[in-house]
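>>> pasting the sequence and the predicted model now:
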Amino acid sequence: MRWWLLSSFLILASYVTLAQTKTTLHCIVADKEASVWKKNRYETQHPDSASAVKEVKRVVDLLRTQTYLAASADQMVYRNDSLLVWFYVGEPFKFNLSKGNAPEDLLSELGYKPKDGVNPLYSHQQWLKLSNRMLAYAENRGYPFASVRLDSMRQKHGQWQAGIHYQSGPIILFDSLLLSGSAKAKAKFLAIYLNILPRQPFSQEKLLQVDKLLAQLPYLKLIQPSSVLFFEEKAYVKIAANQRKTNQFDGIIGFLPNQEAPKQLLITGDVKLKLSNLFGMGRSIQLQWQQVRPASPVLYLEYTHPILFRTRLELKTNFDLLKQDTSFLNVNRRLMLAYPLGKGGKINASIGLRTSRLSNGAQYQGNTQLPASSDVSYLSYGLGYEWSTLDDYFYPKQGFRLNIQGEAGNKKILKNPFVDQQLYEALELNALQMSIRLLAQQYLSLSKKSVLLLKLQAANLASNNLFYNDLYRLGGLNSVRGFNENSFYASTYAVGTIEYHFFTEENAYLLLCYDQAWISTQTIQGNTRDTPLGFGAGINFSTKAGAFNLIYSLGKATNQIFGLNYSKIHFGFVSIF
C-alpha cells in the first residue's frame, strides 16, 4: 500500500530530536524504472532529516509534472543517519486527444494532425506544450484572453479520452499610444516604428519588443517599463520616456602660417554637427569637417529618414570625401534602404559609387612603375544585417550588437594621362571587387558597477588589383589605440578588443583596454603583414555641457616600439544640447 502522507507524518514526528543531524538521502526504484529515474537529479546530502523529506516531496512533484501522475514514495526508513526511500514511478499518463471545439486551422498550424481519422495519443507534457502554443498563437493574433483546457475526460476500452475546450475571448485591437514624460517623439512615428498601429490585432510578441526597440533610439530614455491598458476591447500601450540630449556640436578652427605659401594662411580644424530626432520623427543630419594636416581635408555628410512614406522603411544617404595630401582624392556616395525584422534586427540594401583620383598626376611622369594609388571608379551593391539587444544606447551594461555588411561591384581602373600608358597593359582594367565588414560587441555585466566589453572588428577586401587608395584605414580611438588616426592601410584585418568598465555613476566610468590587431596589406606593390597592439586606461563621462572622453595609451607595431615618447592621448569632447 502507498502511504506517502502517513509515512511523511510518521518520519517528521519520529525524528524531531534528530532534526539537526546530517542526513544522506538514498532513493530506490525498480530496475524497469531506472531509465526514467536517471533523468531526474536529487540532492543526496542534507543538513537534517526535515530537509531530506522536503527533497523527497520535490522529487514526487517533479515526476508528476513529467506525466507520471501515479508517482509516489511508498516507504521511507531512517537508518544510521540515512533516509532510505522506495519510489514508485509508474507508467506515463497518455490519452487520445480530440480537437473538441478548437478551430481546425489553429490546430493544423500548430501541428495537430489526426492520422486516418484516429485521434493522436498525447502525454500530459505534450498537452502542456500544445496548450501553451495555442495560447501564444491566440494572444499574438488579437485574443490575449483566450483560454484552453481538457474537456470530457473519460476512459473507453482501457484508454483515456479527452477533448480540447477552447475559448478565444473577445478580439482586442491596438488603439493609440499613451505617452508620458518629456520625450519629444511623435506618437505616429513611434507607432510605425514599433509596428503597433491602430485597429491592428493585439500581439503580445510586439508588446514584449517595445522596450528593446525603444532602447535603440538614442534620444529617448525609458522612465519605467512599458505596459498595456485594456479598455472596451482596445489595447493602449503606455510608454513613459524622457528626452535625452543627443544633438551634438563641437568645433575648433585654427589659422597657421603656410610654409609652402608664405603669404597665405593654413586653415586647420575639426567641426562636428549632429541633429537628431528632427520634428519628432526620428530624422537626423550629421556633418563633419576635419583638416589636421596640410592639404588633407575630410568631409562627411549623412542624412537618415526613418518611416519613409509612412512605412517601416528607413532611408539613409551619405557623402564622404577624403583627400590624402598630394596623393589622392577619394569621394564616396551611398544610398541605403533598411527594414526592421523584429527583435532588434534590421536588414538593409545599398548602392554606392566611389571615385578616386590622383591629386597630382604630373609627379608620376617618367616613372617606370605604376604609382601606389590609381584613378578608380567603383559601383557597388550591398546587403547588410544589424542586430542589437543593448540595454542602453550610450552606456550599455549588457547585451549584444552585430553589424555585418557585404558588397560587390565592378571596379574600373582609369588610365591617368601623366602615367606611362604601357604600365597599364599588365592590369585587368575592369574587375570584380568584393568586400565584407563585421562588427560584434558583447557587454557582460560582472557586477552592479563592473562591465566587460568583448569586441571584434574585421574586414576583407578582395580584387585582382588593389591600390593604396582602395584599402581600409584604421588605427586610433575607434580601432587600435596607441597609434595615430588612420595610420594603417589594410586589405584584410581583424581587431580584437577587451575593455573593462568601472561605473562611478550612471553615465561615467573608468576603463582599461587592450587592442590586438592582425593586418594584411595586399596591393600591386606586394604584400605586408603586421600585428599591432595597444593598451591603455582612461575615463568617459557626461556632463550637462557634453560628453568627455580621455584615454592614455601605448602601442607597438613593426614600425613603432613601446615607449613613453610614443604614447598617445586620445581626447574627445562633444557639446550636447
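That came through fine. Residues are numbered from 1 along each chain as shown.

>>> what does the model give the nearest residue to residue 428 once chain neighbours are set aside for pLDDT?
Distances taken as Cβ to Cβ, 6 or more residues apart in numbering put residue 464 closest to residue 428, at 5.2 Å, once the chain neighbours are dropped. For glycine as for every other residue, the C-beta is placed from the backbone atoms N, C-alpha and C. Among the per-residue scores, residue 464 holds a pLDDT of 87.

>>> quick one: residue 464 from residue 522, how far?
To residue 522, residue 464 is 11 Å away according to Cβ to Cβ, to the nearest Å.

>>> who has more neighbours out of the two?
residue 522 (17 against 12; other Cβ atoms under 10 Å).

>>> the more buried one: which element?
In the assignment (DSSP states H and E), residue 522 maps to strand 508-523.

>>> just checking: what are the partner strands of that strand?
Strand pairing for strand 508-523, determined by DSSP bridges: strand 492-505 (antiparallel), strand 526-530 (antiparallel), strand 533-542 (antiparallel).

>>> surely residue 473 touches residue 491?
No: Residue 473 is beyond contact range of residue 491, at 11.3 Å (criterion: Cβ atoms under 8 Å).

>>> and those two? Which one has more around it.
The neighbour comparison of residue 473 against residue 491 (other Cβ under 10 Å) goes to residue 491, with 21 against 18.

>>> just for the protein, where's the confidence low?
For the chain, residues meeting the criterion pLDDT under 70 lie at 1-20, 116-117, 252-268, 292.

>>> give the buried residues for stretch 70-78.
Residues 71-73, 75-76, 78 are the ones in stretch 70-78 that count as buried (16 or more other Cβ atoms under 10 Å).

>>> nope, stretch 131-144 is what I meant
Of the residues in stretch 131-144, 131, 133-135, 138-144 count as buried by neighbour count, 16+ other Cβ under 10 Å.

>>> including secondary structure, could these go into JSON lines?
Shown next, in JSON lines, are the buried residues of stretch 131-144 (DSSP: H, G, I helix; E, B strand; the rest coil):
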{"residue": "131", "secondary structure": "helix"}
{"residue": "133", "secondary structure": "helix"}
{"residue": "134", "secondary structure": "helix"}
{"residue": "135", "secondary structure": "helix"}
{"residue": "138", "secondary structure": "helix"}
{"residue": "139", "secondary structure": "helix"}
{"residue": "140", "secondary structure": "coil"}
{"residue": "141", "secondary structure": "coil"}
{"residue": "142", "secondary structure": "coil"}
{"residue": "143", "secondary structure": "coil"}
{"residue": "144", "secondary structure": "coil"}
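
>>> list the contacts for residue 191?
Contact analysis of residue 191 by Cβ atoms under 8 Å, 6 or more residues apart in numbering lists 176-177, 197-198.

>>> list just the nearest of these to residue 349.
Closest to residue 349 out of these is residue 197 (24.2 Å), distances taken as Cβ to Cβ.

>>> so the closest one touches residue 174, yeah?
Yes: counting by Cβ under 8 Å, residue 174 is a contact partner of residue 197 at 6.5 Å.

>>> quick one, what contacts residue 284?
Residue 284 neighbours (Cβ under 8 Å, 6+ apart): 274-278, 302-304.

>>> neighbours of residue 233, just the number please.
Neighbours of residue 233 under the rule other Cβ under 10 Å: 14.

>>> excluding residues flanking it in the chain, which one is nearest it?
In this structure, residue 233 finds its nearest non-sequential neighbour in residue 170, 5.1 Å apart by Cβ to Cβ, 6+ apart.

>>> distance of that neighbour from residue 135?
15 Å.

>>> got it, and residue 372?
Distance, residue 372 to residue 135, using Cβ to Cβ: 65 Å.

>>> pick out the residue nearest the middle of this structure.
In the chain, the residue lying closest to the centroid (Cα atoms, centre = their mean) is residue 388, at 2.6 Å.

>>> show me what contacts it?
216, 344, 399-402.

>>> which of the residues you listed lies closest to residue 412?
residue 402 (32.8 Å).

>>> right, and the closest one touches residue 390 too?
No: with contact defined as Cβ under 8 Å, residue 402 and residue 390 do not form a contacting pair (10.8 Å).

>>> and the buried residues of stretch 131-144, which two are the farthest apart?
Within the buried residues of stretch 131-144, two members stand farthest from each other by Cβ to Cβ: 131 and 142, at 18.7 Å.

>>> distance from stretch 491-498 to the middle of the chain?
Offset of stretch 491-498 from its chain centre (Cα atoms, centre = their mean, to the nearest Å): 19 Å.

>>> could you give me the buried positions within that stretch?
For stretch 491-498, the buried set under the neighbour-count rule, 16+ other Cβ under 10 Å, comprises 491-495, 497.

>>> for the residues you listed, which two are the farthest from each other?
The most distant members of the buried residues of stretch 491-498, if one measures by Cβ to Cβ, are 491 and 497, lying 20.9 Å apart.

>>> for the residue nearest to residue 69 when sequence neighbours are not counted, what are its contacts?
Excluding the flanking residues, the one nearest residue 69 by Cβ to Cβ, 6+ apart is residue 93, at 4.6 Å. Residue 93 is in contact with 67-70, 123-124, 160, counting by Cβ under 8 Å, 6+ apart.

>>> and the two most separated of these?
Maximum pairwise distance in those, criterion Cβ to Cβ, is 14.6 Å, between 68 and 160.

>>> who has more neighbours, the two?
Taking other Cβ under 10 Å, residue 68 and residue 160 do not tie; residue 68 has more neighbours (23 against 15).

>>> from residue 44, how far off is the more buried one?
The value you get for residue 68 to residue 44, if Cβ to Cβ is used, is 21 Å.

>>> cool, and residue 36?
Distance of residue 36 to residue 44, given as Cβ to Cβ: 18 Å.

>>> more neighbours: those two, which one.
Relative neighbour count places residue 36 above the other of residue 36 and residue 44, with 17 against 14, counting by other Cβ under 10 Å.

>>> can you list contacts of the helix or strand containing the more buried one?
Element membership of residue 36, judged by DSSP H and E, is helix 34-37. Helix 34-37 is contacted from outside by 27, 29, 63, 68, 87, 89, using Cβ under 8 Å, 6+ apart.

>>> and what of stretch 291-306?
189, 193, 258, 260, 266-270, 281-290, 314-326, 359.

>>> and those residues, which of them are in strands?
266-270, 283-290, 314-324 (DSSP state E).

>>> hmm, which of the residues you listed are the buried ones?
266, 268, 270, 283-284, 286-290, 314-316, 318, 320, 322-324.
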